[in-house]
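*Asks:* After the sequence you'll find the predicted model.
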Amino acid sequence: MIYTITFNPALDYIVKVEDFRLGEVNRTSSEEIYAGGKGINVSIVLRNLGIDNKALGYIAGFTGREIEKKVKEFGCKTDFIELNEGMSRINVKIKASEESEINGSGPSITEKDLEKLYIKLEELSNDDILVLAGSIPKTLPENIYETIMQRLNDRGIKFIVDTTGKLLMNVLKYSPFLIKPNHHELAELFNVELKNEDDIVYYAKKLIDLGAQNVVISRAGDGAILVNSKLEVFKSDVPKGVLKNSVGAGDSMVAGFIAGYLKNKDLVEAFKMGVATGSASAFSEGLATEEKVYELLNQIK
């Protein structure tokens, strides 16, 4: 089974305003509400690709119940922990001549709430996949990903970690199956300027040396690079299309990689599937659908 964890999910309230004016009453031309959060995005795209998974994490209040409802509407299984106080956050995304965001902070998560999650994670066993994605709320310890991987490290679980900075660097010793920084995040990890592809490959290999099994570096319109545990390097272009949506493209790449890998355990095919799925979300108003992914897959070289 594939499990995703979203510590701080949200309702993403997306509004389009033709001529947004600060300090005045503005009228929307369209409105949409989605369940948001990196782990949730991975779960939804996996389900769109026909792959069962279970979304874990925390919800609170009426917004939390709406998040769970929307995730279930995509056919995903859920096992969220409902907090007694607070409410899951609402993120407001204003699409006008420029895009602006107002992100909520979310509810507090206590040590007792964490223990409830640890109990659920005890169910995981050999060949399960656990996706740890995104930032964490301020109320959680900074080493939470590290703690989870340490507790489960001897079970044969494949860890996929999509986060940045210290959160990522501190888990490399537990040999995550896949990490997916973009090229900007890679530069920040080592506090360097990446001038060309050779620089990207050099520092991606350093992440392998530090413990990662597979590293995918996403590069937006310039494609992506995969470095595996044998230090083999694979480079991909991106298919042609019109960018419509940058939200969830990276999460979709993670979901596509998982889906591709599960077919025949081929890392290159997984990489191609990841690029196609990330592109499918980027070229759509919402998250990638199976039809759009396979439409793009044959274009990946």
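*Replies:* All right, it came through fine. Numbers count the residues shown, from 1 in each chain.

*Asks:* And the average pLDDT for the host helix or strand of I119 is what?
*Replies:* Assigned by DSSP states H and E, I119 belongs to helix 111-121. The pLDDT scores in helix 111-121 average 96.

*Asks:* what are the ranges of the helices in the stretch 101-250 of the chain?
*Replies:* Taking DSSP state H, counting those that start in this stretch as the criterion, the stretch 101-250 of the chain contains helices spanning 111-121, 144-152, 165-169, 183-190, 197-209, 249-264.

*Asks:* I'd guessed L297 sits against G274; true?
*Replies:* No: in this structure, L297 is not within contact of G274 by Cβ atoms under 8 Å, at 10.5 Å. Glycine gets a C-beta too; all of them are placed from N, C-alpha and C.

*Asks:* tell me what the helix holding I119 is packed against?
*Replies:* The contact analysis (3 or more Cβ pairs under 8 Å, 6 or more residues apart in numbering; DSSP states H and E) places helix 111-121 against strand 54-60, strand 81-83, helix 144-152.

*Asks:* Would you mind writing the CA trace of the first one as CSV?
*Replies:* Coordinates of the C-alpha atoms in strand 54-60 are reproduced here as CSV (Å, rounded to 0.1, in the frame of the first residue of the first chain):
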residue,chain,number,x,y,z
LYS,A,54,-4.3,6.0,1.8
ALA,A,55,-4.0,9.7,2.9
LEU,A,56,-2.9,10.2,6.5
GLY,A,57,-2.5,13.5,8.4
TYR,A,58,-4.5,15.9,10.5
ILE,A,59,-7.8,17.7,10.1
ALA,A,60,-9.8,20.0,12.3
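
*Asks:* buried set for the following helix or strand past that strand?
*Replies:* Downstream of strand 54-60, the first helix or strand assigned by DSSP H and E is helix 61-73. When neighbours are counted by 16 or more other Cβ atoms under 10 Å, the buried residues of helix 61-73 are found to be 61, 63-64, 66-68, 70-71.

*Asks:* for S30, which residues make a bridge with it?
*Replies:* Per DSSP bridges, residues listed as beta-bridge partners of S30: K16.

*Asks:* I'd say K54 and T6 touch.
*Replies:* No: under the criterion of Cβ under 8 Å, K54 makes no contact with T6, lying 11.7 Å away.
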